[in-house]
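[1] Got a predicted model here, sequence first, then my questions.
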Amino acid sequence: MTGSETAPRTIDTSRPHPARVYDWLLGGKDNYPVDEELARRILAVDGTAARGARANRRFMHRAVRALAEQGVRQFLDIGTGIPTEPNLHQVAQGVAPESRVVYADNDPIVLRHAQALLTGTPEGGTEYVHADVRDPDTILRLAAETLDLDQPVALSLVALTHYLDDSAYDLLAQYADALAPGSFLVLSQVSPELAPEAVGRVADFFSKSGTPLFPRTSAEFSRFFAGMDLLEPGVRPVLDWRPDAEDDAAAKEGAVPMIAGVARKA
């Protein structure tokens, strides 16, 4: 296991953490009353929140599977969150057992459960970096101990960019610049386009909890892929990105305010 020397090791249970709120929405048990309280407040104004979390997770599965089937064998997942099976490495290594995966997150509770993330195939490799997305130098340096950054890597920040202000555009450009041609960027985030009133109220809740939320329109979200080639079907609502039968069934219950996209670095 690797990690940043400056990463905190204590768990703050006095304020909600996005990874733990997400865990509660997914039906997980690795969260605290403060996380559950915020999650329930979110559900009170956006009844799609739990469905959105599940839809977002399925998008990650579909995107990783699609890239693995295209021949991608290296994955860097930032903002990993608390392990929820199947995890990214299980999807990638299910297609190609030799796949190598590095997870990165800054929440100590994720570090506590890192052993679950580190159980990959003998042919591949699975590692965990304890560091913040805003520290690309540390993440890339430690990821390079497992991944060959001179070869294509699929970089995923799933349901993470909406916790980053507009400095995220330059931040993601730093990551993309460090990756080899043929690499991919996998993103999803909250958008106000499908449920503006509910998303506005959820953003207000997060702001008051000390974790600002930054919903983005499709046009604003598309800026993250500047200079890259979007895979079909482009930037779409998360339920519409190469949906499978489960997504088609979920869509009948109504839209969820999440958008997604995958792009290739030329």
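    Good, I have the coordinates. Please read these numbers as outputs of a predicted model, since none were measured by experiment. Numbers count the residues shown, from 1 in each chain.
[2] show me where pLDDT drops low in this protein?
    Scanning the chain for pLDDT under 70 picks out the ranges 1-10, 115-118.
[3] any chance you could map the strands in it?
    Counting by DSSP state E, residue ranges of the strands within the chain are 74-78, 100-105, 125-130, 154-158, 184-190, 228-230, 236-237, 258-265.
[4] out of the ones you listed, which comes closest to Ser14?
    strand 100-105 (19.7 Å; C-beta to C-beta). Where you see a C-beta, it was placed from the backbone N, CA and C, and this is true even at glycine.
[5] OK, contacts around Val262?
    For Val262, the contacting residues are 63, 66-67, 184-187, 230-231, 241, by C-beta atoms under 8 Å, 6 or more residues apart in numbering.
[6] ok, back up a step: if we compare the strands of the chain, which one ends up closest to Ala19?
    Nearest of the strands of the chain to Ala19, taken as C-beta to C-beta: strand 100-105 at 6.8 Å.
[7] related to what we said a few turns ago, quick one: which of the strands of the chain is nearest Val34?
    strand 100-105 (18.8 Å).
[8] Tell me what angle the closest one forms with strand 125-130.
    Relative orientation of strand 100-105 and strand 125-130, computed by axes from the mean of the first three to the mean of the last three C-alpha atoms, to 10 degrees: 20 degrees.
[9] which helices and strands sit right next to strand 100-105?
    strand 74-78, helix 88-95, strand 125-130, helix 136-143 (3 or more C-beta pairs under 8 Å, 6 or more residues apart in numbering; DSSP states H and E).
[10] Please produce JSON lines containing those, extended by mean neighbour count and distance to Ala260.
    Output for the helices and strands packed on strand 100-105, formatted as JSON lines (neighbours: other C-beta atoms under 10 Å; distance: least, C-beta to C-beta, whole Å):
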{"stretch": "strand 74-78", "mean neighbour count": "26", "distance to Ala260": "15"}
{"stretch": "helix 88-95", "mean neighbour count": "22", "distance to Ala260": "15"}
{"stretch": "strand 125-130", "mean neighbour count": "24", "distance to Ala260": "24"}
{"stretch": "helix 136-143", "mean neighbour count": "20", "distance to Ala260": "22"}
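[11] Adding distance to Pro237 as columns, could you present those in a markdown table?
    Listed next are the helices and strands packed on strand 100-105 as a markdown table, based on distance: least, C-beta to C-beta, whole Å:
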| stretch | distance to Pro237 |
| --- | --- |
| strand 74-78 | 22 |
| helix 88-95 | 21 |
| strand 125-130 | 31 |
| helix 136-143 | 29 |
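[12] that older thread, now tabulate the strands of the chain in TSV and tack on distance to Leu171.
    Supplementary listing: those in TSV, determined by distance: least, C-beta to C-beta, whole Å:
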stretch	distance to Leu171
strand 74-78	10
strand 100-105	13
strand 125-130	16
strand 154-158	10
strand 184-190	12
strand 228-230	15
strand 236-237	23
strand 258-265	16
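[13] Of those strands, which is nearest Pro212?
    Sorting the strands of the chain by C-beta to C-beta, the top spot, which is the nearest, belongs to strand 184-190 at 12.0 Å.
[14] The spatially closest residue to Ala260 that is not a sequence neighbour: neighbour count?
    The shortest distance from Ala260 to any non-neighbouring residue, by C-beta to C-beta, 6 or more residues apart in numbering, is to Ser188 (3.9 Å). Counted with other C-beta atoms under 10 Å, the neighbours of Ser188 add up to 29.
[15] residues touching Ser188, list them.
    With C-beta under 8 Å, 6+ apart as the criterion, the residues that contact Ser188 are 56, 59-60, 158-159, 238, 258-261.
[16] From those residues, pick the one nearest Asp77.
    Nearest to Asp77 among the contacts of Ser188 is Val158, at 7.5 Å by C-beta to C-beta.
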